[in-house]
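Asks: After the sequence you'll find the predicted model.
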Amino acid sequence: MNVIVIISDTLRADHLGCYGNPWIRTPNIDHLATESILFTCAYPEVLPTIPVRRTLHTGRRTFPCREWFPRKGDTVRVPGWQPIPEEQVTLAEILQHEGYRTALISDVFHMFKPSMNFHRGFDEWRWIRGQERDRYRSAPPAVDLDRYLSPAMRGSRAEVILREHLANAQDRRREEDWPAAQVFREGMRWLEENRDAERFFLVVDAFDPHEPWDPPQWYRDLYYPGYTGRELIMPMYGEADYLSPDELRYMRACYAGEVTMVDRWLGRLMDTLRDVGRLEDTVVIFISDHGHQLGEHGLVGKVPRGLYPELVHVPFLLRCPEGLGAGRRVDEFVQHHDLPPTILGLLGVRPPLPMDGIDLTPLVRGEDLHTRDYVTCIFRDYVWAMDREFALIAQRDGSDVQLFDLARDPEQCENVADLHRDAVGRLWEGIMADAKGEIPDYAHLLSQRPGAWYQI
């Protein structure tokens with residue numbers, strides 16, 4: 001049996017039809033869901049991009065992000081943003097040792113930065129260039145930046161990212177030139193060239209629908225035709241009040257357009273898997289790392305204090321050969337570190353070192369399995385925990401506490417921490433138990449300006 005893992009970065013579960021979205025077109029993902037087990041309660045254990053991938057590739061928790069320091073030449077300042085530790089073994093290394101032909105195809109440029117090592121264990125790896133701040137083009141963009149910036153955005157991080165992104169993207173003409181299309185096309189190529197593999201493990205890791213959101217115009221027109229305002233395709237992280245209602249609607253339309261573009265090319269990958277005759281001996285897993293705030297709770301971006309469902313609820317579909325579990329919805333709590341032990345369990349491979357995740361294969365077989373009573377997560381200096389009754393958000397030192405009654409307030413709008421101190425205490429105990437000690441304090445590193453590495 002073979003395995004394909006498809007990762008779509010920054011994809012919210014509530015933006016897919018199979019998770020209840022009524023207005024975004026995702027026919028291919030929705031069809032995949034009818035053939036899959038759909039996990040309704042899937043959550044990250046750490047954010048954002050790189051920390052999640054450490055977890056996905058190893059089955060080991062990155063939470064609570066110990067031994068972090070900013071890497072030279074990398075301006076992202078988030079605890080856990082670091083290479084996979086040398087002493088940890090990756091899923092690709094395990095399967096390569098077991099005789100699987102392995103490949104990684106991705107445009108997530110962060111994984112290929114100097115000192116990162118996410119291509120360990122892959123017989124072939126391909127980096128599709130040009131996403132966001134990938135150092136792909138040094139010449140300035142040949143466009144009028146005023147089209148993309150409101151006055152409030154001038155001098156912001158968003159402007160810096162836009163300059164690099166627009167320089168990288170200026171030669172795109174056909175849809176096939178967009179990175180998402182290239183990632184899935186390379187996945188299709190790999191399947192065609194490696195149809196002779198006795199066993200294979202393929203990871204197709206697409207950065208979209210990560211911002212900036214600039215799908216081809218026809219995708220934007222699906223959700224906001226006739227828009228004539230500024231093309232605000234890159235959010236300024238924080239409060240959403242710098243956006244007019246029209247600009248926010250357009251931003252949401254651009255994000256939705258990228259979701260539909262990813263869906264289209266995922267469909268083509270699945271068609272190729274069927275065409276080369278490997279659909280019915282291959283496990284297909286579709287998952288995201290985290291979501292994105294699009295005006296909910298007054299926030300835009302990936303803001304650590306906003307660990308609400310739009311940021312932490314992710315899609316997770318698992319398709320097995322011969323229709324095993326097709327169409328079943330599983331409500332157990334699952335997290336990213338469950339993925340590697342589950343894949344190994346499905347393949348009958350014993351991990352050489354312990355993993356922190358839970359093997360979900362009993363759920364695949366329709367058996368009873370209680371995974372966990374609560375889930376925990378960390379993002380920068382904020383922690384999150386949720387059980388069946390309440391969701392908790394707080395700073396790592398226990399301050400700035402928010403608690404939400406999930407039965408009465410599923411949108412998580414009313415802070416009831418003062419009314420349920422017992423629930424606050426219970427969930428905080430869960431955070432401390434999962435941390436296995438104090439949560440590291442990186443305030444002294446987070447306060448340094450990017451580039452001042454000589455001070456560390």
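Replies: Perfect, thanks for sending it. Note that this is a predicted model, so its numbers are computed, not measured.

Asks: Can you show me the helices along the stretch 301-450 of the chain?
Replies: Using DSSP state H, counting those that start in this stretch, the helices found in the stretch 301-450 of the chain span residues 309-312, 339-347, 361-364, 421-435, 443-446.

Asks: who does the last one touch, helix- and strand-wise?
Replies: On a contact count with 3 or more CB pairs under 8 Å, 6 or more residues apart in numbering; DSSP states H and E, helix 443-446 meets no helix or strand. Where C-beta positions appear, they are placed from N, C-alpha and C, glycine not excepted.

Asks: Export the helices of the stretch 301-450 of the chain as a markdown table, with columns for mean neighbour count, distance to Tyr255 and mean pLDDT.
Replies: Shown next, in a markdown table, are the helices of the stretch 301-450 of the chain (neighbours: other CB atoms under 10 Å; distance: least, CB to CB, whole Å; pLDDT from 0 to 100):
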| stretch | mean neighbour count | distance to Tyr255 | mean pLDDT |
| --- | --- | --- | --- |
| helix 309-312 | 24 | 11 | 98 |
| helix 339-347 | 22 | 25 | 98 |
| helix 361-364 | 19 | 31 | 95 |
| helix 421-435 | 17 | 30 | 98 |
| helix 443-446 | 12 | 28 | 88 |
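
Asks: max-length helix in this protein?
Replies: Longest helix in the chain by number of residues (criterion: DSSP state H): helix 245-275.

Asks: what sits against the residue nearest the centre of the chain?
Replies: By CA atoms, centre = their mean, the mean C-alpha position of the chain lies nearest to Asp289, the distance being 1.9 Å. Going by CB atoms under 8 Å, 6 or more residues apart in numbering, Asp289 touches 7, 9-10, 44, 47-49, 52-53, 56, 314, 336.

Asks: can you give me the strands for the stretch 101-250 of the chain?
Replies: In the stretch 101-250 of the chain, the strands defined using DSSP state E, counting those that start in this stretch lie at 101-106, 124-127, 200-206, 238-239.

Asks: Neighbouring strands - and their directions - for the second one?
Replies: When sheet partners are counted by DSSP bridges, strand 124-127 sits next to strand 101-106 (parallel).

Asks: ok, now the shortest one?
Replies: The pairing partners recorded for strand 238-239 under DSSP bridges are strand 299-301 (antiparallel).

Asks: quick one, what contacts the residue nearest to Val349 when sequence neighbours are not counted?
Replies: Using CB to CB, 6 or more residues apart in numbering and skipping residues adjacent in sequence, the residue nearest Val349 is Glu98, 5.6 Å away. By CB under 8 Å, 6+ apart, the contact set of Glu98 is 199, 347, 349.

Asks: now Glu98: how far from Ala92?
Replies: 11 Å (CB to CB, to the nearest Å).

Asks: same check, this time on Arg252
Replies: Separation of Arg252 from Ala92 (CB to CB): 36 Å.

Asks: which one of those two has more residues nearby?
Replies: Using other CB atoms under 10 Å, the more surrounded residue of Arg252 and Ala92 is Ala92, with 23 against 18.

Asks: Number of residues surrounding the nearest residue to Asp441 once chain neighbours are set aside?
Replies: Closest residue in space to Asp441, ignoring its immediate chain neighbours: Arg396 at 6.9 Å, by CB to CB, 6+ apart. If you count neighbours by other CB under 10 Å, Arg396 ends up with 23.

Asks: I am finished for the moment; much appreciated.
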